[in-house]
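Novice: Fold the stuff below for me.
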Amino acid sequence: MGFDIHTRAVGRVIVVEAVGRFTGIDGHTKLRDLLHVLTNSGTKKFVLHLERVEFIDSSGIGELLRSHFVVREKAGELKLACVNAKVMDVLRISRMNTVFEIHPSESEAIQAFGQKA
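Specialist: This is a model prediction of the structure:
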């Protein structure tokens, strides 16, 4: 299976669900390209739902980080939610778990946007 992304709005938050293998070959720049388009249209709040990501490699981690910076350049926020054990292990090993705000559920990630002053 390759890599695919699905989006839906929950209020003013865009939930991006990633599915499949998030690698340099499979994922390429799909996520970053999508976030470029959405941030250029004014969207600032994103939750990246990672429960259905089967595999992530160093290229996928790099793309995740570049996507984070695309959102931050436009004064937005990107939170991770529902990170499965395989992906969390890679995030910990690469120390990216210290870069991203990670929530156990999508609803908690969405609620976290409302807690900011």
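Novice: Every contact and neighbour count from this point should use C-alpha atoms.
Specialist: OK.
Novice: Who are the packing partners of the biggest helix by length in the chain?
Specialist: Using DSSP state H, we find that the single longest helix of the chain is helix 58-73. If you count contacts as 3 or more Cα pairs under 8 Å, 6 or more residues apart in numbering; DSSP states H and E, helix 58-73 packs onto helix 30-40, strand 77-81.
Novice: JSON lines please, covering the ones you listed and showing mean neighbour count and mean pLDDT.
Specialist: JSON lines is the format used below for these (neighbours: other Cα atoms under 10 Å; pLDDT from 0 to 100):
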{"stretch": "helix 30-40", "mean neighbour count": "17", "mean pLDDT": "94"}
{"stretch": "strand 77-81", "mean neighbour count": "22", "mean pLDDT": "98"}
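Novice: out of these, nearest to residue 47?
Specialist: Taking Cα to Cα, strand 77-81 is the member of the helices and strands packed on helix 58-73 nearest to residue 47, at 4.8 Å.
Novice: And the next helix or strand after that closest one, what's buried?
Specialist: For strand 77-81, the following helix or strand on the C-terminal side (DSSP states H and E) is helix 85-93. Going by neighbour count (16 or more other Cα atoms under 10 Å), the buried part of helix 85-93 is 87-88, 90-91.
Novice: And for stretch 100-108?
Specialist: Neighbour-count burial for stretch 100-108 flags 100, 102-103, 106 (criterion: 16+ other Cα under 10 Å).
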